[in-house]
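Chemist: Sequence first, predicted coordinates after that:
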Amino acid sequence: MTILVTKAAGFIGAVFLGAQAARLEIEEILATDQSASTFGHPKIRFVAGNIAYPQFTRSLVTPDVSTVFHFAALVSGGAEQNFELGTKVNLDATRDLLEACRLVGHRPKFIFASTVGVYGGDVPDPVTDDASASPRISYSAQKLACEVLINVYTRRGFVDGRALRLPAVLVRAGTNTALSGWSSAIIREPLAGHDYVCPVRPDTRQPCISVQKVAEAFLHAADLPAEALGYDRTVLLNSISVSASQMWEAVNPRARGRVRFEPDPRVQSVMDLVPKATRSARATQLGFHHNSSTEEIIAESLA
């Protein structure tokens, strides 16, 4: 079995690669990202390139690729700042991968990283399986469009698609353009001995999950039988709902840096419109797992 992993050097991709490389049934992992990587596992073959270029993206799906794990994205803040690039990376590149899967002709599995950001505005608390998607930022709209495409390509028999709507994934080692990045920074920076200015109010809540649980979720999604999913191939993942102040309280006993709260109106306005919690009976029924506490997420990150 050969699998393809996009954004393989990224936050989720790197953790996921380690989990996949340990599986005996995986013969080769084709890993791609923009910059060269030092993956040393004998199963991993790294190919550097930019998925914003259709010719490169379509070349990745070869006849021996049985499963595509698509993590690459220009996240929320970046996709708002550069609409054209966000559309190329988040929507067009996903369609290019789906087209390459269609043309290869053997219906590979296609596992896609979506976002709970597809819910926006006056969202229920918690968001459940029957909540309506109404994205309010470009990134989330692009992700929702990809979910629709995956359902269509699956119905037509071109791929066996699955999409996971991810809560905020913690604890990211570095910064990126995600507007939800504060939820990693408020844990990461004080533990590293750095003071941190949090750009949201202390009561700002967000649904959270550890990167380890996300890696497990993608492995589980690939293993699910197609008949368990039906027509709608998108699954909302469960999470824990944590406020900024609760995150700081959880990390404070071990922190060497301090946190102060100075809300940024731009960041706060977006966070006020996104889900505060998720509760998916479907994810539970399908066997997906989530974290039990903020302390568990911190312990997994430190480990």
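Modeler: Right, received. Where do you want to start? Numbers count the residues shown, from 1 in each chain.

Chemist: In which helix or strand does the residue lying closest to Thr115 once chain neighbours are set aside reside?
Modeler: When the adjacent residues along the chain are set aside, Thr115 lies closest to Lys143, with 5.1 Å between them (C-beta to C-beta, 6 or more residues apart in numbering). In short, each C-beta sits where N, CA and C put it, glycine included. Assigning secondary structure by DSSP states H and E places Lys143 in helix 138-155.

Chemist: contact partners of that helix?
Modeler: With contacts defined as C-beta atoms under 8 Å, 6 or more residues apart in numbering, helix 138-155 is touched by 73-76, 78-80, 83, 86-87, 90-91, 94-95, 98, 101-102, 110, 112, 114-115, 117-118, 120, 133, 135, 159-163, 231-234.

Chemist: residues in contact with stretch 180-197?
Modeler: 76, 168, 170-173, 175, 198-200, 206, 208, 242, 244, 247-248, 250-252, 254-262, 267, 271, 274, 297-298, 301-302.

Chemist: From those residues, list the buried ones, please.
Modeler: Among the contacts of stretch 180-197, the ones that count as buried by 16 or more other C-beta atoms under 10 Å are 76, 168, 170-172, 198-200, 206, 208, 242, 244, 247-248, 250-251, 255, 259, 261, 267, 271, 274, 297-298, 301.

Chemist: What about these, which are in strands?
Modeler: When the buried ones among the contacts of stretch 180-197 are checked against strands using DSSP state E, the ones located there are Ala168, Leu170, Cys198, Gln206, Cys208, Val242, Val259, Phe261.

Chemist: beta partners for the first one?
Modeler: According to DSSP bridges, the partner residues bridging Ala168 are Cys208.

Chemist: Ramachandran coordinates for the residue nearest the centre of the chain?
Modeler: Ranked by distance to the mean C-alpha position of the chain (C-alpha atoms, centre = their mean), the top residue is Ala113 at 4.6 Å. Its backbone dihedrals place Ala113 at phi -90, psi 110, with angles given as degrees, to the nearest 10.

Chemist: could you measure the residue nearest to it when sequence neighbours are not counted against Arg266, distance?
Modeler: Spatial nearest neighbour of Ala113, excluding adjacent residues (C-beta to C-beta, 6+ apart): Phe71 at 4.9 Å. The span separating Phe71 from Arg266 equals 26 Å under the rule C-beta to C-beta, to the nearest Å.
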